[in-house]
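J.: Okay, predicted coordinates and the sequence, questions at the end:
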Amino acid sequence: TYNAHPSAMTARTNGKMGMRQQAEDPAAMLAIGTTNPTNLLQPQDVFAEKLFRVTKSDHLTELKEKLKRICKHTCIEKRHFHLTEETLGAHPEFLDRELPSLDARIDMVATDMPKLAQSAAAKAIAEWGRPATDITHLVFSTYSALQAPSADLKLATLLSLRTTVCRTILSLHGCYGGARALHLAKELAENNRGARVLVACAETTLICFGSPNRANLVGHALFGDGAGAVIVGAGPFSEGERPLFEMVTTTQNTIPWTEHVISMQATAGGIDFHLAIQVPMLIGQNVERCLLDAFDGDAPASWNELFWAVHPGGRPILDNIDTVLKLEPGKLAASRRVLREYGNMSGATIFFVLDELRRRRKKEEDSGHLLLPEWGARPSGRESPSRPCCFALHANPCRRS
Ligand SMILES: CC(C)(COP(=O)(O)OP(=O)(O)OC[C@H]1O[C@@H](n2cnc3c(N)ncnc32)[C@H](O)[C@@H]1OP(=O)(O)O)[C@@H](O)C(=O)NCCC(=O)NCCSC(=O)CC(=O)O
């Protein structure tokens, strides 16, 4: 409802016209769901051999040895992929960037990617305990959305959300897409009393996949497929709703002049992406300044006073954050575990890290030994070092007093 007269607007939104504007409390995550495709589970130690075999690239021996070296340095043990050997057999054009293949990729992703998101969202909704029709807003993020109607509408249909659900799609935000979607969900939940926002993110490397070459080798070693979903709502909470992480404050920060550092480009042969070798260094050099900006004069005396939900963009990124922030061993354990078990699933990864953190918290609660601090932060380079983006989270189910 729009109205030129603010006083009339207040009267209408307080009355029968719809939800009152402001929620009483900060937004919180009320449930988390994650999922991975089961088609192909790739142990990292045999990944290079398999990739070069299925892409008929075995003759590129030097490149294969380099990928083996890189894979060893990733600290990844396995990843999940939607793409199968059968699919590659049926689409030889996926192997040759000179052949047009974008249409076929978009067709496959359009059907399969929303289903991946559905699986994660269904888990989150089941945990939340309320009917899917109580969801008022949907924010969907993916780097594979290149058509309209897009994955947000497909997901809404698959989940039988109400027809009045307010949908937003974030496209090609890459690794920071999940955090940005959560950021938006907080604003939606806090500004629409009673709103319940489904945040979903699904990523499949199918849209970028190609035969190995010098430019895509690190991407081949790093990225995997997965989906995550979170229900976000602000208080008052209904019976049975249980805040997992209170979302206290969110900011986004861009490092100037780093636009070239990570990029994605749709081409006739699929999406090309570029990762500059400087990414881990730039994140290390800028993360503390971005955190200080985010905390706006209210930073803790030591970063160890917080728990951390860092997007595991790559092993050297986590190492640099550890070093620069002087974190105690284990502070990034949730991020490191997710990287080890799933690789970098771009925007979906942060949901896995949050899920891992709450599992660790639950374990500590059950054993009576609470180690995780109450407050936390979530920095991430995005598509670049350029946007470390930070959340402060409140992991106590009770509200801050
Ligand atoms: C590739 C790595 C596993 C390599 O590990 P190390 O750096 O410890 O090992 P190393 O220095 O010996 O490098 C091994 C070989 O990899 C090469 N190499 C390293 N990084 C490269 C890059 N970005 N592009 C091309 N080649 C690269 C080195 O030149 C070397 O080649 P040779 O052996 O020939 O000398 C790591 O650097 C890594 O994880 N980098 C990716 C980090 C990243 O950019 N993540 C962001 C993803 S996007 C994202 O997630 C956004 C976000 O963070 O929010």
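T.: Yes, it's here.
J.: for the helix or strand harbouring residue 187, packing partners?
T.: Following DSSP states H and E, one finds residue 187 within helix 177-191. Secondary-structure packing of helix 177-191 (3 or more CB pairs under 8 Å, 6 or more residues apart in numbering; DSSP states H and E): strand 27-35, strand 137-142, strand 166-171, strand 196-203, strand 226-234, strand 245-252, helix 349-367, strand 389-394. All C-beta spots, glycine's among them, are computed from the backbone N, C-alpha and C.
J.: Throw those into JSON lines and include distance to the ligand and mean neighbour count, thanks.
T.: Listed next are those as JSON lines, based on distance: least, CB to the nearest ligand atom, whole Å; neighbours: other CB atoms under 10 Å:
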{"stretch": "strand 27-35", "distance to the ligand": "17", "mean neighbour count": "25"}
{"stretch": "strand 137-142", "distance to the ligand": "13", "mean neighbour count": "28"}
{"stretch": "strand 166-171", "distance to the ligand": "14", "mean neighbour count": "17"}
{"stretch": "strand 196-203", "distance to the ligand": "11", "mean neighbour count": "30"}
{"stretch": "strand 226-234", "distance to the ligand": "13", "mean neighbour count": "30"}
{"stretch": "strand 245-252", "distance to the ligand": "12", "mean neighbour count": "20"}
{"stretch": "helix 349-367", "distance to the ligand": "8", "mean neighbour count": "20"}
{"stretch": "strand 389-394", "distance to the ligand": "8", "mean neighbour count": "22"}
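J.: hmm, back to that, so for the helix holding residue 187, mean pLDDT?
T.: For helix 177-191, mean pLDDT rounds to 96.
J.: how much distance is there from that helix to the middle of the chain?
T.: Here the centre of helix 177-191 is set off from its chain's centre by 12 Å, with CA atoms, centre = their mean, to the nearest Å.
J.: So which bits of the stretch 201-350 of the chain are right by the ligand?
T.: Contact residues, the stretch 201-350 of the chain versus the ligand (CB under 6 Å from any ligand atom): 218, 222, 262, 275, 277, 279-280, 311, 313-317, 344.
J.: In helices, which of those residues fall?
T.: 218, 222, 279, 280, 315, 316, 317 (DSSP state H).
J.: for the residues you listed, which one is nearest residue 337?
T.: residue 315 (12.4 Å; CB to CB).
J.: Please list all residues in contact with the closest one.
T.: For residue 315, the contacting residues are 73, 74, 75, 339, by CB atoms under 8 Å, 6 or more residues apart in numbering.
J.: Roughly how far does the first one sit from the ligand?
T.: Distance of residue 73 to the ligand, given as CB to the nearest ligand atom, to the nearest Å: 3 Å.
J.: give me phi/psi at residue 225?
T.: The phi and psi torsions at residue 225 (degrees, to the nearest 10) take the values phi -110, psi 140.
J.: and the helices and strands packed on helix 177-191 as TSV, adding mean pLDDT and distance to residue 89?
T.: Below are the helices and strands packed on helix 177-191 laid out as TSV (pLDDT from 0 to 100; distance: least, CB to CB, whole Å):
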stretch	mean pLDDT	distance to residue 89
strand 27-35	97	26
strand 137-142	98	26
strand 166-171	96	30
strand 196-203	98	24
strand 226-234	98	24
strand 245-252	90	43
helix 349-367	93	30
strand 389-394	44	40
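J.: Columns distance to residue 321 on top of those, output as TSV?
T.: Shown next, in TSV, are these (distance: least, CB to CB, whole Å):
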stretch	distance to residue 321
strand 27-35	22
strand 137-142	23
strand 166-171	24
strand 196-203	22
strand 226-234	21
strand 245-252	17
helix 349-367	13
strand 389-394	12
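J.: what stretches of the stretch 301-401 of the chain score poorly on pLDDT?
T.: 378-401 (pLDDT under 70).
J.: For it, give the residue positioned nearest to the ligand.
T.: residue 313 (2.3 Å; CB to the nearest ligand atom).
J.: what about that residue, how many neighbours?
T.: 27 (other CB atoms under 10 Å).
J.: is it true that it touches residue 346?
T.: No - contact criterion CB atoms under 8 Å: residue 313 and residue 346 do not qualify, at 9.2 Å.
J.: Please enumerate residues in contact with stretch 157-174?
T.: With CB under 8 Å, 6+ apart, stretch 157-174 has contacts from 114-115, 118, 121-122, 125, 132-133, 135-143, 145-146, 150-153, 156, 177, 180-181, 184, 188, 198, 262, 264, 346-347, 382-383.
J.: Please list only the buried members of the residues you listed.
T.: Burial by neighbour count, judged by 16 or more other CB atoms under 10 Å, picks out 114-115, 118, 121-122, 125, 132, 135-143, 145-146, 150-153, 156, 177, 180-181, 184, 188, 198, 262, 264, 346-347, 382-383 from the contacts of stretch 157-174.
J.: Noted, bye for now.
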